[in-house]
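S.K.: have a look at this prediction, sequence included:
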Amino acid sequence: MISCSRHPFPEDCPWEAGPEDHVQVDLGDPDNTIRAIAEMKDRLRAHGGRLNALVNNAAISPKGERGSRLSTIETRVEDWKAVF
């Protein structure tokens, strides 16, 4: 399993496989995304090259004033475009 996040691997994570199974990537940055894909391909190749599953849980969560959650009605069209 390879985890991906825009954040580095958290030091307090209880998983045995740590940073060596994590790729830090900002999917909003095309160059960074291409680099991360290449890194994942290299890692997969080292283990037989087979991808058995892929879960995409990437998204942004636009916030209102003071970090409040926005409802679908309160979210601006520009923010929806960034989400999708």
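M.R.: Cool, the structure landed.
S.K.: how much space separates Pro8 from Gln24?
M.R.: Shown here: Pro8 relative to Gln24, a distance of 5 Å by Cβ to Cβ, to the nearest Å. Every C-beta, even on glycine, is put in place using the N, C-alpha and C of the backbone.
S.K.: neighbour count winner among those two?
M.R.: Taking neighbours as other Cβ atoms under 10 Å, Pro8 and Gln24 compare with Gln24 leading, 15 against 9.
S.K.: so which residues of the chain form helices?
M.R.: For the chain, the helices defined by DSSP state H occupy 30-46, 77-83.
S.K.: what's the separation between Ile60 and Asp26?
M.R.: Distance from Ile60 to Asp26, counting by Cβ to Cβ: 11 Å.
S.K.: that should have said Trp15, apologies.
M.R.: Computed with Cβ to Cβ, the distance linking Trp15 and Asp26 is 22 Å.
S.K.: shaky segments in the chain?
M.R.: Within the chain, the stretches with pLDDT under 70 are 58.
S.K.: most distant residue from the middle of it?
M.R.: Ile73 (25.9 Å; Cα atoms, centre = their mean).
S.K.: so it versus Ala59, what's the distance?
M.R.: The gap separating Ile73 from Ala59 is 18 Å, by Cβ to Cβ.
S.K.: again with Arg50
M.R.: Using Cβ to Cβ, which is the criterion applied here, Arg50 is 27 Å from Ala59.
S.K.: same question, Glu11
M.R.: Using Cβ to Cβ, Glu11 is found at 25 Å from Ala59.
S.K.: and for the residue lying closest to Ala36 once chain neighbours are set aside, the neighbour number?
M.R.: Nearest non-adjacent residue to Ala36, counting by Cβ to Cβ, 6 or more residues apart in numbering: Val25, 3.6 Å away. Around Val25 there are 20 other residues, counting by other Cβ under 10 Å.
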